[in-house]
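S.K.: Give me a model of this one.
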Amino acid sequence: MKLVAVLMLVSITMALPSFSSFQTWLASFQQPLMNLIDNPLRRSTIPQFILDARHPWIIANQRKLERLPNAEVFLCSIPDTKSDEAKEKETTLFGEQLEIPPDLFDKLEIDNNRAGVSRPGWPNAFERLSEMKRCQRALNQVKTLEVNIYVHSGKYSDWYLASLEPLQPPEQLLTLFGDVLESMTSLATLRWGIGKEDTHFFEEAFKSRNLTLPSVKHLAPGPFSEYLVGMCPNLERLESGGGFMWYHGHMPDNRDWRLLFIQSAVSAPKLKRFAMVGANAGWTPPLVSEVVKSMPQIESIGLFGSLGERSHYTGYDTGDSGKLKAILDVVNELTNLTHLDLPGSSDLGVGFNGGPGCGNVYFGKEGRKYRRQVTREGAEATEKGGEIVVANMSHLKSFTIGGTCANITRYEGRMANVTWPWTGRMEEWLLEVVPEIPDHEYIKYGRM
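M.R.: Residues are numbered from 1 along each chain as shown. Predicted coordinates for the structure are as follows:
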């Protein structure tokens, strides 16, 4: 029966050259089909988008919820619309109370390619959005939405999955995305991971409907999704999103998505925080100057990735290149700045370039000693970077290097000195970061 259903589905799909409305309808059966293939006895009435959110309460009570006459109605109905009798009937199951936690829908996701999940990109998004649209409680309460859509484009090893993956988002999906986003009236954070090859479809659809997201204050879009900035009039925090998408590939017309992203901030006058990955080319003084021009009012900045292009490990101290000071000279033009995030010490150009990337050199007892040596060099380079920051931007209230926050001592309101977690206890700290392993563990893995 399972094989027959799959063959019928594939034959119908392959007979249609484009992702028509019929194929959209067909794709709505994709998740139930996968559930049937994985477990023929599964008949869950919990919407998949709720399961995808992995809330601890859902995980702990999933079996109880699946015994309800209709878990979707129970979870998604707005409490005020239910009668007291209905509330009591739905929340009591075999003598146990099921009380929905107030943060159940705080964070939702649309993700077809995370650990443990492999689904066609556009159909999965269509199904999850359809479920969300039916769930008024989720639309009212969601505060964070994370969207990550990976389009496999025929890369599936399972042919029945490959047959369900259209090459571009269907019109129905673009409309549905706009409908759902407009209905999320409490949405404060939007993480937008749409591939740079596909995001223009959403740009055209959202602009044509004049999409506005007034509740969004924190936005993290991927490359070439900077059009979202102008749709969030109350934006306070803007960060580059999309993970490794920020590093890989180039567009045919050689547009610099970093520059477009920075310049889009002109339309966000309430912006307080800006952070971006410098990508393969890294941060340069001219690029930082664009930040100063586009958002002179910001109070916090994150310069992630590297200052200039990354250097390869040589094993030698290359000395201070002057990159950090040159960058700070430009950053100093941000007169309201109080906080600065810098990349790790190996990306500051202060003499340390990260140590060997190959893990083999760190195996065994001698390897762990070597790792401690490299870690020490990284810590010492962080100290150098910190000294340069203090000398050039002593008015800052706080700063980090590689995610490590400096402990600041002030004198007359300005930074006079900084210390780090290892200051005064380097040897002890190194053993905490790279602890010894008992001899029998080395013998077990043949790494003596």
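
S.K.: ok, which stretches of the stretch 1-150 of the chain are helices?
M.R.: In the stretch 1-150 of the chain, the segments counted as helices under DSSP state H, counting those that start in this stretch are 2-14, 21-27, 30-38, 48-53, 56-66, 71-76, 84-91, 121-134, 136-141.

S.K.: can I assume Ala416 sits in a strand?
M.R.: Yes. Secondary structure assignment places Ala416 in a strand (DSSP: H, G, I helix; E, B strand; the rest coil).

S.K.: Sketch out the low-pLDDT regions of the stretch 251-400 of the chain for me.
M.R.: Filtered on pLDDT under 70, the stretch 251-400 of the chain yields the residue ranges 251-252.

S.K.: Kindly report the same for the stretch 101-250 of the chain.
M.R.: For the stretch 101-250 of the chain, the stretches flagged by pLDDT under 70 are 153-164, 248-250.

S.K.: try 90 this time
M.R.: Scanning the stretch 101-250 of the chain for pLDDT under 90 picks out the ranges 113-120, 150-168, 195-197, 242-250.

S.K.: ok, and what's touching stretch 255-275?
M.R.: 196, 221, 223-224, 226-227, 229-230, 232-240, 246, 251, 276, 278-279, 281, 287, 290-291, 294-295, 297-304, 341 (C-beta atoms under 8 Å, 6 or more residues apart in numbering). To be clear about C-beta, it is placed using only N, CA and C from the backbone, and glycine gets the same treatment.

S.K.: That stretch: how far from the chain's middle?
M.R.: Mean-position distance between stretch 255-275 and its chain equals 18 Å (C-alpha atoms, centre = their mean, to the nearest Å).

S.K.: quick one, helices of the stretch 151-300 of the chain?
M.R.: Under the criterion DSSP H, counting those that start in this stretch, the stretch 151-300 of the chain contains helices at 159-162, 171-183, 199-208, 257-264, 285-294.

S.K.: among the contacts of stretch 255-275, which ones are buried?
M.R.: With neighbours counted using 16 or more other C-beta atoms under 10 Å, the contacts of stretch 255-275 contain these buried positions: 196, 221, 223-224, 226-227, 229-230, 232, 235-240, 246, 276, 278-279, 287, 290-291, 294-295, 298, 300-304, 341.

S.K.: Next step: those restricted to strands.
M.R.: Counting by DSSP state E, the members of the buried ones among the contacts of stretch 255-275 that fall within strands are Pro221, Arg237, Leu238, Glu239, Met276, Ser300, Ile301, Gly302, Leu303, Phe304, Asp341.

S.K.: hang on, isn't the fifth one packed against Met295?
M.R.: Going back to what we said before, that points to Met276. No. Checked against C-beta atoms under 8 Å, the pair Met276 and Met295 is beyond contact range at 11.2 Å.

S.K.: Tyr370: helix or strand, and which one exactly?
M.R.: helix 364-392 (DSSP states H and E).

S.K.: What of Gly315?
M.R.: Following DSSP H and E, there is no helix or strand that holds Gly315.

S.K.: rewinding a little: make TSV out of the ones in strands among the buried ones among the contacts of stretch 255-275 and add distance to Arg54.
M.R.: Compiled in TSV, those are given as follows (distance: C-beta to C-beta, whole Å):
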residue	distance to Arg54
Pro221	24
Arg237	25
Leu238	27
Glu239	23
Met276	29
Ser300	30
Ile301	32
Gly302	27
Leu303	32
Phe304	27
Asp341	28
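
S.K.: closest to Thr335 among the residues you listed?
M.R.: For these, the minimum distance to Thr335 (C-beta to C-beta) is 12.5 Å, reached by Ile301.

S.K.: got a list of what the closest one touches?
M.R.: For Ile301, the contacting residues are Arg273, Phe274, Ala275, Val291, Val331, Leu334, Leu337, His339, Leu340, Asp341, by C-beta under 8 Å, 6+ apart.
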